[in-house]
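Novice: dropping the sequence and predicted coords here.
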Amino acid sequence: MHPTRRWLLPALAAAALVLVAGRLGPAADAPGSGGTQVPAGEFHDPGLLRVLTPFLEAGRLTPQDATALSQFPLDRALRLLGAHLGPQQDCDEPPFSHDCMELPDLIRPPGPDSIDVTHYTIEILELNESAKSFRAVTNVHLTGLKPLDALDLDLAKVTVTDVGMTLRGTGAPFNSTFTHRDSVLHVDFFPTLTPGSSADIQVAYQGTNVGCQDTRGLRGGIVFTTEGVHAFSEPTYARYWYPCHDVPWDKATFTLIVNVPPGRKASAAGILTDSVTVNGQDVMTWVVPQRVSPYLASFYVNDYVMLTDTSPGGVPLEYFVYPQLVDNAQTDFANLPDMVDFFSGLLGAYPNPRYAMSLNVFGGGMEHQMNSLIGSNLIRGNRTYETVFSHELAHMWFGNLVTPEYWNDVWLKEGFATYCELLYTEHRYGFDERKATVALIDTVYKAALADPDSPIKDHPVAEPSPCKIFSWVVYDKGARVLDMLRGVARLQSIPVSVEPIPSREFEAWTRAGDETFFRILNRMATEHAYGMITTDDFLAIARSEIGNFDQFFDTWIFDLAYPVIALDWKQEHGDGVTRLRVRMCQVWQDGVPRFAMPVHIRYRSGSWTLDDRLFLNPAATLEWAVDLPPGTWEVEFDPDDWLLDTHRRVPYFANFAPAPPYPNPSSTGFTFSGELQGEFPADGSLAVYDIQGRRVWDAGLGTFKPGPVTAGWDGTRNDGRRAPGGVYFARMRVGSQSFLQRLVVLP
Ligand SMILES: [Zn+2]
């Protein structure tokens, strides 16, 4: 799924909205409710749009609010947004907790399944758009995995009128009864279904204005909009329109039959296999021939015209659009053929017989199998929303072909599809466009973390809480982590012995790393094709390609935040060389993990650049020297923006300011204190000498963080005896500095 990032442009064009005394404008029309069409460029901070859209999607923010926020710089806008939304309880609030939504468990429930659904035949017998009602019959083809005389299917809100059950193969009927309450259709039957044998359960049901509903109306199930109808099932809404085993890992093939309302046209997931007219009504049949998760089934009804195209590689494309949007759609979808072939080259041949997109009222896109739902207000005739189209298309691999086994691993489809947007942007519009997008993601993330009231709450990319499975962090930081991994793979491909080298040569080395990274991406899309994938599978593939890199994954996938880097350099000239001394460390941040990964350093003198690879060390300050041709050299850290970080130049030497030891004189020992200034941690040690210069006691003090520092000596010598009274000297070392202080030990 893809929350639209730029869909509110029309509302913004109405512009110059209300911000009265820091309070956001009054709530008004729901998202998607029209306005004047404007070019994308009129919104001055697209980064802010990226942030606001999930909140708009969830109905927590109106387009008017967003317009008001757009008047402010990013950091201020985030603060206002946080104040506007108020404190966010983790799971009691939107974005994705609707009153009907059954939040998935945090992890896949333990224990084996009792059934395996192999095929669903869903027939929509009747759709009444004015009454928002439907009547359907679904045949669930399933295999027992243990002896069964009862089973449960997920089915919510509809009224069940009949349930029948037959043995597959013989057609022998079971003696069955059912109950339907609390979203569970429970079927008791006789005789027992033996493990390995299969049954068909046929369920007839109907509903009027039912589905997953919140204050803005129907969100899941069969959704009747002002323009048409679509079925929406992600993450746990399939049960609102057909009886199912509503878990992502129970993949099945589908037959979808729609009795199309007179005068309307339909499209659906899968491929069209049959279309007949009965008493003036079209009855259309689609088949999904490969097993997919229940949340990927869908159909659409609207006033469609079908546009067709074919990719240069031969993939048929179909677009179900409105007559009045044909021209705009032809412009907006013009790059789809190139997109399909680009992703096919990266991720393995497009895995389906066709790809389609169908329009309806929706605030983004949703990757139904072979036929994505696309919000009609995304069709502008200027390719503003091309990233959304690339995102949904990428899901045909990440999500549909290989499916996160459970919702805690949802970044394996959403982070990956968002990353595919970035890759297509780079392919189509160049590396600088990739850098611009990365810079936006990083800016938003850092601004959000800096503001405790920000509505974007940091959480691990993998294993978010159930209500965060579609959060900004899963999508955008997830994509950013993959981008960083590509940067790591590029740097890893350079032999350690290589000295700083000209940039062109450095680029050539890193291309091998690109191949490694894209092999990881390709293996992710192909090795578990038609099956399930977990974060552990990803780690295994990544490790086998670029080595054991646990600290990278532990920090970036399972932990929070990002590193802050301090570096400095100085140069010494002589003997026909300029010796550049560089120092780099991670600034200590409470509660933030220590990151470890290779980083790209560029030395620049005028237009002359040399490139180097260093390793960002998790614990210590790194110091190194390079001999460069005579000149005035600057150091650029991570010039291609692979790392999600903040870096800045700080003074080269840590500065320690000691206080006098106290009490002094003393018979009970001494406390040494001071302030370690600057950004660098430093190792400390303390030694005590008697008046003859003999060392009587010493100790290492470990690594000091910047800030107040204390150490103590209790007057005991290294030999365990008390130091006799007299004059002593204490030498305290902090980093490269040392201080001698006089002590008087009282007898
Ligand atoms: Zn998505």
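Specialist: Alright, I've got the coordinates.
Novice: now A136, nearest residue through space, not along the chain?
Specialist: Nearest non-adjacent residue to A136, counting by C-beta to C-beta, 6 or more residues apart in numbering: I124, 5.1 Å away. All C-beta spots, glycine's among them, are computed from the backbone N, C-alpha and C.
Novice: surely that neighbour is in a strand?
Specialist: Yes. Under DSSP: H, G, I helix; E, B strand; the rest coil, I124 falls within a strand.
Novice: partners of it in the sheet?
Specialist: As for beta bridges, I124 partners with A136, V258 under DSSP bridges.
Novice: what about it, how many neighbours?
Specialist: Here the number of neighbours of I124 (other C-beta atoms under 10 Å) works out to 27.
Novice: report the separation between it and T534.
Specialist: Using C-beta to C-beta, to the nearest Å, we find I124 at a distance of 34 Å from T534.
Novice: now swap in R523 and tell me
Specialist: Between R523 and T534 the computed distance is 14 Å (C-beta to C-beta).
Novice: same question, F342
Specialist: When C-beta to C-beta is the yardstick, F342 and T534 sit 27 Å from each other.
Novice: equivalent analysis for S390, please.
Specialist: Here the distance between S390 and T534 works out to 25 Å (C-beta to C-beta).
Novice: so for those two, which sits in the more crowded spot?
Specialist: The residue with the greater number of neighbours, taking S390 and T534 and applying other C-beta under 10 Å, is S390; the counts read 28 against 17.
Novice: just give the nearest non-adjacent residue to that one, would you?
Specialist: Of all residues not flanking S390 in the chain, Y424 sits nearest, at 4.3 Å (C-beta to C-beta, 6+ apart).
Novice: how about the longest helix along the chain: buried residues?
Specialist: Ranked by number of residues, the top helix in the chain under DSSP state H is helix 503-526. The neighbour-count check on helix 503-526 (16 or more other C-beta atoms under 10 Å) flags 503, 506, 509-510, 513, 516-518, 520-525 as buried.
Novice: which SS class is the residue in the stretch 451-600 of the chain positioned nearest to the ion?
Specialist: The shortest separation between the stretch 451-600 of the chain and the ion is 7.3 Å, found at Y475 (distances taken as C-beta to the ion). Secondary structure state of Y475, per three-state DSSP, is helix.
Novice: am I right that the residue nearest to A136 is in contact with I257?
Specialist: Yes. With the criterion set as C-beta atoms under 8 Å, I124 and I257 qualify as a contacting pair; they are 6.9 Å apart.
Novice: quick one on the thing from earlier: and the buried residues of helix 503-526 near the ion, which?
Specialist: The subset of those lying close to the ion, counting by C-beta under 5 Å from the ion, is empty.
Novice: nearest to Q492 among those?
Specialist: Distances from Q492 to those, taken as C-beta to C-beta, are shortest for G513 (5.8 Å).
Novice: and that closest one, what pLDDT?
Specialist: What the model reports as pLDDT for G513 is 93.
Novice: with H141 instead?
Specialist: As predicted, H141 sits at a pLDDT of 98.
Novice: what is the burial count for it?
Specialist: H141 - counted by other C-beta under 10 Å - has 18 other residues nearby.
Novice: in the stretch 601-747 of the chain, which residue sits closest to the ion?
Specialist: Checked against the ion (C-beta to the ion), the nearest residue in the stretch 601-747 of the chain is L644, 20.7 Å away.
Novice: can you map out the helices along the chain?
Specialist: Taking DSSP H as the criterion, the chain contains helices spanning 9-14, 46-57, 63-69, 74-85, 326-332, 336-347, 386-395, 411-429, 431-450, 472, 478-492, 503-526, 535-546, 550-556.
Novice: other SSEs contacting the shortest one?
Specialist: Right, the one you point to is helix 472. With contacts taken as 3 or more C-beta pairs under 8 Å, 6 or more residues apart in numbering; DSSP states H and E, helix 472 sits against helix 46-57.
Novice: go with 10 Å
Specialist: Contacts of helix 472 with other secondary structure elements, assessed using 3 or more C-beta pairs under 10 Å, 6 or more residues apart in numbering; DSSP states H and E, are made with helix 46-57, helix 431-450.
Novice: now the angle from the last one to helix 478-492?
Specialist: Angle between the axes of helix 431-450 and helix 478-492 is 120 degrees (criterion: axes from the mean of the first three to the mean of the last three C-alpha atoms, to 10 degrees).
Novice: quick one: the helix or strand following helix 431-450 to chain centroid distance?
Specialist: As assigned by DSSP states H and E, the chain's next helix or strand after helix 431-450 is helix 472. For helix 472, the distance from its own C-alpha centre to the chain's C-alpha centre is 7 Å (C-alpha atoms, centre = their mean, to the nearest Å).
Novice: is it correct that Y445 is in contact with D458?
Specialist: Yes. Applying C-beta atoms under 10 Å, one finds Y445 in contact with D458, separated by 8.1 Å.
Novice: so what's the closest residue to V276 other than its chain neighbours up against?
Specialist: Excluding the flanking residues, the one nearest V276 by C-beta to C-beta, 6+ apart is V283, at 5.3 Å. For V283, the contacting residues are E123, I124, L125, I257, V258, N259, V260, A266, D274, S275, V276, T277, by C-beta atoms under 10 Å, 6 or more residues apart in numbering.
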